[in-house]
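Chemist: Sequence first, then the predicted structure, then my questions.
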Amino acid sequence: MAKNLVTVGEGRENKDEKMAWRKAKRNLVKSKTTLATTITHAEVKLAVTNGKSSRAMGPDGLCHIHLKNLPENGIHALAELFNATISENKIPDSWKKANVFMLPKPGKDLTEIKSYRPVSLLSPVAKVLERVILERIKPEIQSTTSQHAFKKAHSTTTAIIEVTNRIVGGLNMPKPANRTIMTCLDLKAAFDTVSIDADVYRQH
């Protein structure tokens, strides 16, 4: 049964990781949305324009409205800053800081620390760079057929439909019909539980 579910063999995982990494590098070269290309004035302008007109201040004392009122040379300066950040592969320390506010969860015991949800306000400049990168990787996300989160017109509903179709399709096949084995994993406080380093490694 195990052989029908996974490929068993010593060192196979490392081989698969290397193959996935080589494929990712090929896609990075071929893709029109690659981060290897220069971030343009138009991309930054679009990201700034489409951002919410929030007055919430980041740790740098800026809000998104400040960026929306930048002149054209200010947008050019942001584009140059973003290109330098990517080419040097280094995020400024000030962009990693956040103003954190604790919001109470409805219906929870407010004497318990776990009854609060932290909300982090980052630098709006960093958020603009995130939007630029998001627009570049969106086509890659949309092309992934097995992913339903963070995709346009996809949700938990489409994921359930896909699983249901696979089960029904297997049952409707002539004997010997296919059967579906499904393993579900739910992590409590997932963002606090999952190793960030391990998650980044697996994504590569």
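Modeler: Now that the structure is in, tell me what you want to look at.

Chemist: buried sites along stretch 141-149?
Modeler: For stretch 141-149, a neighbour-count test (16 or more other CB atoms under 10 Å) marks His148 as buried. All C-beta spots, glycine's among them, are computed from the backbone N, C-alpha and C.

Chemist: Quick one: distance of that stretch to the chain centre.
Modeler: Here stretch 141-149 is found 12 Å from its chain centre; the criterion is CA atoms, centre = their mean, to the nearest Å.

Chemist: quick one: terminal-to-terminal distance for that stretch?
Modeler: Taking CA to CA, to the nearest Å, the first and last residues of stretch 141-149 lie 9 Å apart.

Chemist: give me the element Gly169 is part of.
Modeler: Gly169 belongs to helix 156-171 when elements are defined using DSSP states H and E.

Chemist: next one: that helix to chain centre, how far?
Modeler: On CA atoms, centre = their mean, the centre of helix 156-171 falls 25 Å from the chain's centre.

Chemist: give the contact list for the most centrally placed residue in the chain.
Modeler: The centre of the chain sits closest to Phe150, judged by CA atoms, centre = their mean, with a distance of 7.4 Å. Neighbour list for Phe150: Ile141 [criterion: CB atoms under 8 Å, 6 or more residues apart in numbering].

Chemist: can you name the farthest residue from the center of this protein?
Modeler: Outermost in the chain, CA atoms, centre = their mean: Lys175 at 41.6 Å.

Chemist: Touching, Ile91 and Thr85? I think so.
Modeler: Yes. Contact criterion CB atoms under 8 Å: Ile91 and Thr85 qualify, at 6.4 Å.

Chemist: Those two: which has the busier surroundings?
Modeler: Taking other CB atoms under 10 Å, Ile91 and Thr85 do not tie; Thr85 has more neighbours (17 against 12).

Chemist: Is that one in a helix, a strand, or coil?
Modeler: Under the three-state scheme (DSSP: H, G, I helix; E, B strand; the rest coil), Thr85 adopts helix.

Chemist: Report whether Val100 is found in a strand, as I expect.
Modeler: Yes. Per three-state DSSP, Val100 lies within a strand segment.
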